[in-house]
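Peer 1: pasted the sequence and its predicted model underneath.
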Amino acid sequence: MVKPVFLLGPTLFLSFTVFSGGAVQAQDGTFVQTTDESGDILEATTGITHEMDAIQMETIVIKASVLPADSSSKLAERELQLRAAGTLGKTLERELGVSNLSYGPGVGQPIIRGMSGPRVRVMQNEIGVHDLSAISPDHGVAAEAMLADRITVYRGPAILRYGGNAIGGAVDIKHQRIPDKIPQNGFAGRMEFRFDHNPSEKAGMIALDMGKNMLAIHLDYFHRAANNTHIPGLALDEEAIRQQFQVEPAMNSRGVIQNSDTRSQGGSAGISLVGDAGYIGGSYHEMMREYGIPPGVPGHSHGDNTEQEAVRVNLAQRRFELEGFWLAPWSILPTVQAKLGYIDYEQDDVDRGVRYTHKKNKVWESRLELNHQQGAWLDGFIGLQWQDRNFSATGVETFVPPSEIDSLGVFLTETLMLHDRISLEFGARLDYQTVAPKISEVKIAGIPDPLPLPERIRHNPYSLAVSLNYEIFPRTALYLSWQQAQRAPDVQELLSSGPHLATRSFELGRTDLKTEQSNHHELGLRFTHELASLHVNGYYNRVKNFIYLQNQGFFFNLGTTPPRFQLACANLSNCLPVFAYQGDNATFWGYEAELSFYPKLSAFKPHLTLFSDYVRGRFNDSDLGDVPRLPPLRFGAEIGIKLAQWQGALRYTHALEQNRPGLFETATPGYDRLDLDVTYDWKLSGRRKILLFSKASNMTDSVIRNSASFLRNFAPEPGFSFEVGFRTDF
């Protein structure tokens with residue numbers, strides 16, 4: 001039986017940065033901020049300057065750091081435009097410590113250091129994406145990478161500002177849906193189109209920014225469509241399926257993953273009033289997405305129908321957001337920022353044209369942050385985060401009862417500069433969460449009496465963090481961090497009580513689950529120079545009450561009338577293994593390393609990069625073995641050149657066999673992968689420029705089984721693909 005959880009609480013976080021200033025120009029009646037290449041705010045300014053009559057402006061330094069004091073990373077500009085894919089996990093899979101939790105080509109969720117689902121918070125402009133991807137691996141992330149200006153992956157203490165439950169990490173997708181400036185000359189835009197030959201995918205977007213005086217308007221639209229994905233060899237690993245599920249595999253396909261085509265489209269409209277003291281605005285975004293679940297998964301066939309399954313997922317999301325940023329006149333309180341979002345998400349699961357499940361997720365979320373400063377040695381934020389969520393599901397796969405989940409958090413972040421070369425970050429977060437089911441009991445086939453549900457379940461998780469950043473030599477920083485973070489159980493972990501066909505399981509939650517507590521230790525080194533750079537870090541994470549699905553050793557038979565629990569099944573095609581959520585202690589450890597060289601040659605600028613990452617997770621109870629579905633150790637090299645406006649890179653990746661798959665799971669073989677990227681940056685007059693790009697992925701057409709995927713034995717990763725496209729800014 002499962003209970004609901006409700007979260008509420010404050011967050012405290014302290015970080016150190018080195019401040020710097022720079023020249024800024026503002027147009028009449030506009031708010032102007034200076035950013036670095038990744039988009040972080042360096043300076044925000046007030047005042048007016050004219051071309052012929054310059055006026056000295058007051059400058060308020062917001063943030064600038066020479067070397068980051070954590071292992072967070074950003075993807076922007078050329079790299080983001082090259083890697084933008086149909087799913088978020090696919091877009092980020094080259095980032096160190098990040099893997100793609102695929103569920104066929106239509107779904108890709110990010111895995112950060114072996115953790116995913118509710119442990120990784122995905123946001124758009126710091127407001128949660130609020131789809132259903134945290135509930136199940138077959139649910140896609142409702143976001144489009146082509147529309148993003150920047151994607152930031154947060155690891156370590158930085159995640160405390162964005163949600164106490166995100167103990168594995170956070171991903172923020174930055175958009176300009178709510179304009180924060182007036183475009184130069186009153187108009188700007190960008191347009192992109194790309195074609196991938198493997199699934200015959202066509203994708204494109206257009207975004208326009210307009211403004212005059214104090215009014216700014218943003219419009220954008222995207223469309224993406226792909227056919228079935230082509231693969232080398234067979235889709236189903238028949239021997240692995242027999243080993244894992246004790247069933248005879250369904251009809252197999254060669255060279256293609258059937259029912260893997262996808263369609264998505266959406267757009268945004270935003271408007272702001274922008275002045276020399278900040279901006280206030282709102283936006284509306286809507287997207288629709290349809291994708292198929294690869295066939296052959298046992299338990300997906302309903303009744304006695306032996307026809308080839310064609311399970312489809314149709315999702316729609318509507319986002320309403322308001323945002324304001326105020327440059328206050330007080331030196332001790334220079335900025336105030338507020339955000340409010342309402343997300344209306346719906347999803348239909350369809351089998352052969354018949355809808356069998358309808359899910360809804362309606363969420364209000366707000367954030368308030370006040371920046372405070374004291375001289376050059378103290379910088380911080382105090383803020384409030386609130387969320388109200390209503391979840392419901394009707395139909396066959398209603399394994400989680402309708403529930404209301406509320407949370408409230410208050411956070412304080414500080415930045416201390418102890419010395420020219422030493423920075424200190426420390427912080428804390430306290431949250432309060434409540435989950436309240438909207439029904440008092442659940443009825444489960446095979447159990448004569450209904451199971452009562454509690455009226456509400458409360459948890460009060462907290463988080464603490466300390467990080468020290470020491471610049472031991474010029475351009476060389478050593479950082480050491482410690483974080484103790486708690487996560488309240490999510491609604492499905494508390495209240496699941498039914499068949500979950502996506503993961504081929506019958507899931508039972510537990511209302512008595514305790515908070516999950518992570519004790520994370522990390523040591524890292526960063527070195528940056530014009531001829532070489534190095535980033536290496538190692539981490540060790542002890543997790544108390546790690547919540548996961550544990551196999552109970554018996555089955556739920558969908559093929560009987562009525563369905564019932566059994567110790568064994570003669571025909572397992574309609575039999576689901578019973579899993580129950582359990583909290584056991586586990587330990588994770590791993591590393592991320594990247595070494596780059598940039599030799600100076602007169603004709604062209606080459607670079608050589610060596611990289612590797614690894615995560616290992618094991619339960620403290622040796623009888624439980626390894627944490628299941630973790631990515632393998634991978635390493636490789638990238639060699640590239642830059643000649644005038646041309647850039648190219650050849651990347652080789654080798655992944656070892658994942659021979660520690662966890663109990664009741666199957667091992668996956670290692671693989672070698674070769675990728676080639678080529679771009680031409682054509683700069684026209686003024687702001688106008690065109691980026692032409694091409695990508696050849698998996699050039700050796702290797703068979704790649706994703707060890708982190710529930711469908712690794714049913715849908716391998718795509719084979720060779722060639723993609724071309726262009727992006728123009730005007």
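Peer 2: Looks like it came in fine. Numbering: from 1, shown residues only.

Peer 1: alpha carbons only for contacts and neighbour counts from here, please
Peer 2: Noted.

Peer 1: could you pull out the buried residues of stretch 513-529?
Peer 2: For stretch 513-529, burial by neighbour count (16 or more other C-alpha atoms under 10 Å) applies to 513-528.

Peer 1: can you check stretch 655-668 too?
Peer 2: Buried positions in stretch 655-668, judged by neighbour count with 16+ other C-alpha under 10 Å: 655, 657-658, 660-662, 665-668.

Peer 1: how about a markdown table for these, with secondary structure, distance to residue 243 and pLDDT added?
Peer 2: Conversion of the buried residues of stretch 655-668 to a markdown table gives the following (DSSP: H, G, I helix; E, B strand; the rest coil; distance: C-alpha to C-alpha, whole Å; pLDDT from 0 to 100):
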| residue | secondary structure | distance to residue 243 | pLDDT |
| --- | --- | --- | --- |
| 655 | strand | 23 | 98 |
| 657 | coil | 17 | 97 |
| 658 | strand | 16 | 96 |
| 660 | coil | 15 | 94 |
| 661 | coil | 13 | 92 |
| 662 | coil | 14 | 89 |
| 665 | coil | 9 | 87 |
| 666 | coil | 8 | 92 |
| 667 | coil | 10 | 95 |
| 668 | strand | 13 | 96 |
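
Peer 1: need the residues you listed in JSON lines (columns: distance to residue 171).
Peer 2: Listed next are these as JSON lines, based on distance: C-alpha to C-alpha, whole Å:
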{"residue": "655", "distance to residue 171": "24"}
{"residue": "657", "distance to residue 171": "28"}
{"residue": "658", "distance to residue 171": "26"}
{"residue": "660", "distance to residue 171": "27"}
{"residue": "661", "distance to residue 171": "26"}
{"residue": "662", "distance to residue 171": "27"}
{"residue": "665", "distance to residue 171": "28"}
{"residue": "666", "distance to residue 171": "29"}
{"residue": "667", "distance to residue 171": "29"}
{"residue": "668", "distance to residue 171": "27"}
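
Peer 1: run the chain-centre distance for stretch 182-200.
Peer 2: Stretch 182-200 has its C-alpha centroid displaced from the chain centroid by 23 Å (C-alpha atoms, centre = their mean, to the nearest Å).

Peer 1: measure it end to end?
Peer 2: Start and end residues of stretch 182-200 are separated by 38 Å (C-alpha to C-alpha, to the nearest Å).

Peer 1: and the contacts of that stretch?
Peer 2: 30, 146, 201-216, 226-230, 261, 274, 718-730 (C-alpha atoms under 8 Å, 6 or more residues apart in numbering).

Peer 1: which among those count as buried?
Peer 2: Going by neighbour count (16+ other C-alpha under 10 Å), the contacts of stretch 182-200 have 30, 146, 201-212, 214-216, 226-230, 261, 274, 718-729 buried.

Peer 1: which stretches of this protein form helices?
Peer 2: Under the criterion DSSP state H, helices of the chain are mapped to 77-83, 88-92, 238-245, 491-495.

Peer 1: looking at those, which is buried most?
Peer 2: helix 491-495 (a mean of 28; mean count of other C-alpha atoms under 10 Å).

Peer 1: and that one, C-alpha only, in CSV?
Peer 2: C-alpha atoms of helix 491-495 as CSV (Å, rounded to 0.1, in the frame of the first residue of the first chain):
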residue,chain,number,x,y,z
VAL,A,491,3.6,10.0,-5.2
GLN,A,492,4.2,6.8,-7.2
GLU,A,493,6.6,5.5,-4.6
LEU,A,494,4.0,6.0,-1.9
LEU,A,495,0.7,5.1,-3.6
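
Peer 1: packing partners of it?
Peer 2: Applying 3 or more C-alpha pairs under 8 Å, 6 or more residues apart in numbering; DSSP states H and E, one finds that helix 491-495 contacts no other helix or strand.

Peer 1: quick one: mean pLDDT over stretch 698-708.
Peer 2: Stretch 698-708 shows a mean pLDDT of 96.
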